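>>> Give me a 3D structure for the following:
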Amino acid sequence: MKKQHQADLALLLVTVGWGASFILTKNALKDLDTFNFLALRFLSAFFISALVFIKRFKSLNKRTLISSIIIGTILFTGYALQTIGLHYTSVSKSAFITGFAVVLVPMFTSLMNKQWPEKSALLGSLYAFIGIGLLSLNDASGPNIGDLLTLIAAIAFAYQIITVGIFTDSTDSLLLGILQIGVVGMWSLFATFMFESPVVPTGVSLWTNLLILSIVCTCGAFITQSVAQQYTTATHTALIYSGEPVFASIFAYFWVGEMLSTRGLIGAGLILTGMLVAELDLKALLKGNKEQLRAEGQELKAKA
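Below you'll find the predicted structure:
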């Protein structure tokens with residue numbers, strides 16, 4: 001199996017884990033304040049992964065440390081806004097709006113390269129915006145604060161994917177994944193002492209949620225992402241992540257019986273369509289299909 005295929009498979013497993021993380025987070029927020037929860041999740045993940053890869057820290061250098069601080073700060077912004085938003089919106093809506101990051105990655109990448117975004121990226125964004133409107137707008141009150149915060153979080157997540165792609169080739173990618181987790185944990189710890197009354201929970205079910213989130217959805221996910229993106233592009237990574245809201249809705253349905261309305265399902269479908277349109281090179285795909293059909297036609301003529 002090629003390294004890119006291995007990377008893609010690893011990122012797909014990350015996507016499944018992140019799909020489950022929405023419902024686990026929603027459950028944990030019943031007992032913990034936002035930053036208190038994030039501090040426990042990310043600091044636990046950092047210390048676990050640091051212990052496992054303690055020998056790797058001998059190769060830590062200034063570039064990897066600075067890169068980790070930049071990426072970790074962006075990631076903290078995204079998770080803080082998304083987690084606060086989950087107090088006010090549903091698991092399915094949060095997941096699908098977060099998925100808008102997939103559309104933003106190719107657009108932001110084009111702008112950073114001082115190029116006009118591809119038509120597919122613009123069309124994908126249009127689909128996604130309409131989908132978010134259908135998913136989030138209430139009949140009279142408009143989008144709720146949770147939806148708006150989650151949309152801003154999606155912008156932060158898009159930049160996190162892009163910055164990982166920029167820094168992972170010139171740094172120790174494993175340390176980059178571990179340290180960005182630690183940066184999120186430290187920012188969260190600072191915020192919980194500033195704005196909340198932090199507690200250390202004692203419930204078994206809550207710690208079970210936290211450990212699954214820490215080990216599977218944080219340690220495993222971000223270390224895997226940092227290593228895997230050496231072998232694939234930021235845009236390709238974003239395309240794989242488009243499955244996150246789908247997995248989140250599946251988990252939400254079977255776990256807590258949460259279902260989207262008909263309008264919500266249409267909106268979710270438009271967001272997924274926007275993701276795929278933004279990521280796939282439709283011209284190249286159509287050209288490839290035409291060439292394949294032409295070759296098959298010639299082969300049939302030769303046999304005749």
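
>>> any low-confidence regions in the chain?
The chain contains residues with pLDDT under 70 at 1, 4, 117, 121, 135-142, 235-236, 239, 278-304.

>>> At which residues are the helices of it located?
3-28, 34-52, 62-85, 91-98, 101-112, 119-136, 145-167, 173-195, 204-214, 221-228, 234-241, 244-256, 262-279, 282-303 (DSSP state H).

>>> Give me the number of neighbouring residues for Ile250.
14 (other CB atoms under 10 Å). No exception for glycine: its C-beta is placed from N, CA and C like everyone else's.

>>> whoops, Asp169 was the one
Close neighbours of Asp169, defined as other CB under 10 Å, add up to 9.

>>> Quick check: phi and psi on it?
Torsion angles at Asp169 (phi, psi; degrees, to the nearest 10) stand at phi -80, psi -20.

>>> returning to that earlier point: single out the most deeply packed of the helices of the chain.
With neighbours defined as mean count of other CB atoms under 10 Å, those peak in mean count at helix 91-98, which reaches a mean of 28.

>>> what comes into contact with it?
Residues from elsewhere that reach helix 91-98, judged by CB atoms under 8 Å, 6 or more residues apart in numbering: 19, 22-23, 26, 82, 85-86, 89, 131-132, 135-136, 146-147, 150-151, 153-154, 157, 244-245, 248-249, 251-252, 256, 258-260, 264, 267-268, 271.

>>> Not counting residues beside it along the chain, what's closest to Gly243?
For Gly243, ignoring the flanking residues on the chain, the nearest one in space by CB to CB, 6 or more residues apart in numbering is Thr15 at 4.8 Å.

>>> and that neighbour, what is it in contact with?
Neighbours of Thr15 in contact, by CB under 8 Å, 6+ apart: Ile240, Tyr241, Gly243, Glu244, Phe247.

>>> ok, those residues vs Gly203, which is closest?
Set against Gly203, the nearest of the contacts of Thr15 by CB to CB is Phe247 (26.0 Å).

>>> Just want to check the distance between the closest residue in space to the closest one that isn't next to it in sequence and Ile161.
Using CB to CB, 6+ apart and skipping the chain neighbours, the partner closest in space to Phe247 is Gly19 (2.5 Å). From Gly19 across to Ile161, the span is 17 Å (CB to CB, to the nearest Å).

>>> try Ile266
27 Å.

>>> ok, back up a step: from Thr150, how far off is the residue nearest to Phe247?
Counting by CB to CB, the gap between Gly19 and Thr150 amounts to 15 Å.

>>> Need the phi and psi values for Thr168.
phi -70, psi -30.

>>> and it, how many neighbours?
By other CB under 10 Å, the residues close to Thr168 number 23.

>>> Report the contact partners of it.
Leu176, Ser226, Val227, Gln229, Gln230.

>>> give the contact list for the first one.
Residues touching Leu176, when contacts are defined by CB under 8 Å, 6+ apart, comprise Thr64, Ser67, Ser68, Ile71, Val164, Phe167, Thr168, Ser226.

>>> ditto for the third one
Taking CB under 8 Å, 6+ apart as the criterion, Val227 is in contact with Ala7, Ala10, Thr168, Ser173, Leu174, Gly177.

>>> Distance to Thr98 for those - can I get that in TSV?
Shown next, in TSV, are the contacts of Val227 (distance: CB to CB, whole Å):
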residue	distance to Thr98
Ala7	22
Ala10	20
Thr168	22
Ser173	24
Leu174	26
Gly177	20
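
>>> nearest to Ser205, of these?
Nearest member of those to Ser205, counting by CB to CB, is Gly177, at 28.2 Å.

>>> Looks like Ala20 contacts Ser249 (just checking).
No. Ala20 lies out of contact with Ser249 (CB atoms under 8 Å); the separation is 11.4 Å.
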